[in-house]
Structures are given as structure tokens and as C-alpha cells.
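Enquirer: This is the structure alone, sequence omitted:
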């Protein structure tokens, strides 16, 4: 398929070439991007602040909306403090710029999001890669560095395939004076008993932990954040030019993000419904012959391939012709150069899920035929 050019979107559909297509791609896992109270909060914010902050927060661009959102984010994940950035990619830049004040070496999971390696290289850190989700290899590399300060960097839930990092083992491998950074873009609001993220999922609290995230995936809002110990956040505020030298998210979006956090906290059915959908997709994929044995039961992302690229292209086209979008993508960190990345949200209905797998079964027959 050519690049999608959607002219409208709802929580579960995209209007493409005049057709409303039921979409199993992208993020907005809790379906908060279209939640009425969140949209109403945007309007309130626009009426209060206008469209843009207009300047860096450290000059004249700061607002109470930004400050309140940072306080709320720290409370939400149970950490000392948070720093907002214009988006998630820049959160990793600001984080690595803060790390570089005291740390010289970054050990990065080989399939982590590219923003981590870009940020570490850009901050002047010496970068080494450890084998995917291999905490023993990360620990061995850390020991090889001797007395040099070391940071280990990983996704919490991996962007491309939905795999979950062995964070407790990585923390055990982190030197006492080191830092473990968890880029939790796809775990934030999704993992854990209350949906507070990968650290809650594993029950971890440690002064060596730093979290980065986007607000655009589980929360359905926009912006990025670095969250962690107060001293580290102060360092990021001071040394992170990705924060200091950029215009922040519009204040109205900060107001909306707080409303989305409130909705997340008050509407526990969203997380329950998401996990029901994850279970149904796991079953449905298995029914059409996709191996889901290694999939984590709380991850809304499924990555898989079929026998050949030609079969994948035909299957994608057949499913799309029946009104469903399961994206066939090229994106770093997946199981193959091209692969399906299917994602489910709290808004997908039982009928939409049933229709998806009926379309996938029909496509399987068509491809074999």
C-alpha cells in the first residue's frame, strides 16, 4: 500500500480514499485521543492560553499548565519529578544530554528505539550495543567498562514487536553508580496493575532508574517527558538543550494531557477492555496460524510475518479490501525488514475484532489459492 493519507479519524477508524476503514495500527491504546472530556480540555486551554507557548519555557514560554502536568506525571508513575519536552524523541535527547554530564558510556539494547542511539551519539556518549533483551550481556559489557560511569538504555515495551524488556535483571546489571534508562513510550499507561507503566509492572523503585516517554501512545495526547529522581531532572532542565532551546507543547495540549491522565485514573474499564482485546487478538492470530506463544499478555502490539513478502503483500491487500487495515510496514527493530504491526485499543469492539479475523481468514484462503 502507498503511504496512508487519512482525511478523518475516529478511535477505531480512518477515512482513506473516501472509505471508512477499521484500523488496527498506530497507538492511542486507551482511546483517549477522541475522549470528549479530553477534547473539551483542549478547547479550555485554547481559550485560556491561545495556540502556542511562543518561546522556550526558560525564557517567556512557561505556563502553569506545563508546571501542573509535570507534577502530575511524576505522581502518576511514582517518581520524584518530571520534565516536559516537545515530544518523545526529544525526551531521549534531553535525557542523554543530562547523562553526559557525569557518564561516558551508554549500553543500548540492539533493538531499542532509534531515538536512544541517536540521543546517546548526539550527546557524545560512547555507545555499545548488547544483545536484545539479554541482561547478562549488558552486565558483562558494564563490567568491561571498569570504573567508567555506565548507563544501560532499553525500551520498556519494544516499539516494533511489543516485547517486554527484562527490567529487573537489567537493574541488577546496572552498577551502583550507574543509571538504567527505560524508554517506556509503549508501556506508559498500559503496563502494570493500574496502567502506570513498565516500572509498576515489575514493582520497581530505585534511585538509579530514569524513565522517558511520549504522551502520544498510551495517553493519546502529545509531548514527551523525562521522569526520575529530582536531582537528575534538575540536571536535564539545566543541561538538556533539547528542552531549553525548544518551544514546548502548546499549553492547551498540556491541559488536555492532564485531563487524559485524570480519565485514565478514573476509568479503569479502559485498561480492562484493552487487555480483553489483547487476549482476543492473541487467540485470533493463533487461529489464523500466527505464532503468538511469546507475546506478553499486556502488550497491545503484535508483530509478525508470513511465509514470503509476496504473500504478505497479497494478505494486506485482501484484508484492506474487506475494510480492515493491518499495516505492513518497514520500521527498525522488527522481526524482519517488512512485517505486519497490528495494534489493538480499548475502543475496538467485539464485532470489529470478529470482523478482522474473518477478513484475515478469508485473506489466508485467497493467498493460498
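Expert: It's in. Keep in mind that what you see is a predicted model, and the values were worked out from it rather than measured.

Enquirer: just the strands in this protein please.
Expert: Using DSSP state E, the strands of the chain run over 6-9, 13-16, 19-23, 81-85, 105-109, 126-130, 150-155, 179-183, 209-214, 224-228, 301-304, 324-325, 328-329, 339-343.

Enquirer: and residue 46, which of these is closest to it?
Expert: Of all those, strand 81-85 sits nearest to residue 46, with 18.1 Å by Cβ to Cβ. (C-beta placed from N, C-alpha, C; glycine too.)

Enquirer: Now tell me what touches the closest one from outside.
Expert: Contacts to strand 81-85, defined as Cβ atoms under 8 Å, 6 or more residues apart in numbering, come from residues 57, 66, 69-71, 73-74, 91, 93-94, 223-230, 233-234, 236-237, 240, 242-243, 246, 248-249, 254.

Enquirer: Report the mean confidence score over it.
Expert: Rounded to a whole number, the mean pLDDT of strand 81-85 is 98.

Enquirer: swap in stretch 155-164?
Expert: Here the average pLDDT along stretch 155-164 is 93.

Enquirer: what pLDDT does residue 364 get?
Expert: Confidence score, pLDDT, at residue 364: 80.

Enquirer: Name the nearest residue to it, ignoring sequence neighbours.
Expert: Among residues not flanking residue 364 along the chain, residue 288 sits closest, at 5.7 Å (Cβ to Cβ, 6 or more residues apart in numbering).

Enquirer: Mean neighbour count added to the strands of the chain, as JSON lines?
Expert: What follows is the strands of the chain, written out as JSON lines (neighbours: other Cβ atoms under 10 Å):
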{"stretch": "strand 6-9", "mean neighbour count": "12"}
{"stretch": "strand 13-16", "mean neighbour count": "17"}
{"stretch": "strand 19-23", "mean neighbour count": "18"}
{"stretch": "strand 81-85", "mean neighbour count": "24"}
{"stretch": "strand 105-109", "mean neighbour count": "26"}
{"stretch": "strand 126-130", "mean neighbour count": "18"}
{"stretch": "strand 150-155", "mean neighbour count": "28"}
{"stretch": "strand 179-183", "mean neighbour count": "28"}
{"stretch": "strand 209-214", "mean neighbour count": "27"}
{"stretch": "strand 224-228", "mean neighbour count": "29"}
{"stretch": "strand 301-304", "mean neighbour count": "22"}
{"stretch": "strand 324-325", "mean neighbour count": "22"}
{"stretch": "strand 328-329", "mean neighbour count": "18"}
{"stretch": "strand 339-343", "mean neighbour count": "23"}
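
Enquirer: Let's have those in TSV, adding distance to residue 46.
Expert: Shown next, in TSV, are the strands of the chain (distance: least, Cβ to Cβ, whole Å):
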stretch	distance to residue 46
strand 6-9	20
strand 13-16	25
strand 19-23	27
strand 81-85	18
strand 105-109	39
strand 126-130	41
strand 150-155	34
strand 179-183	30
strand 209-214	22
strand 224-228	21
strand 301-304	32
strand 324-325	31
strand 328-329	34
strand 339-343	29
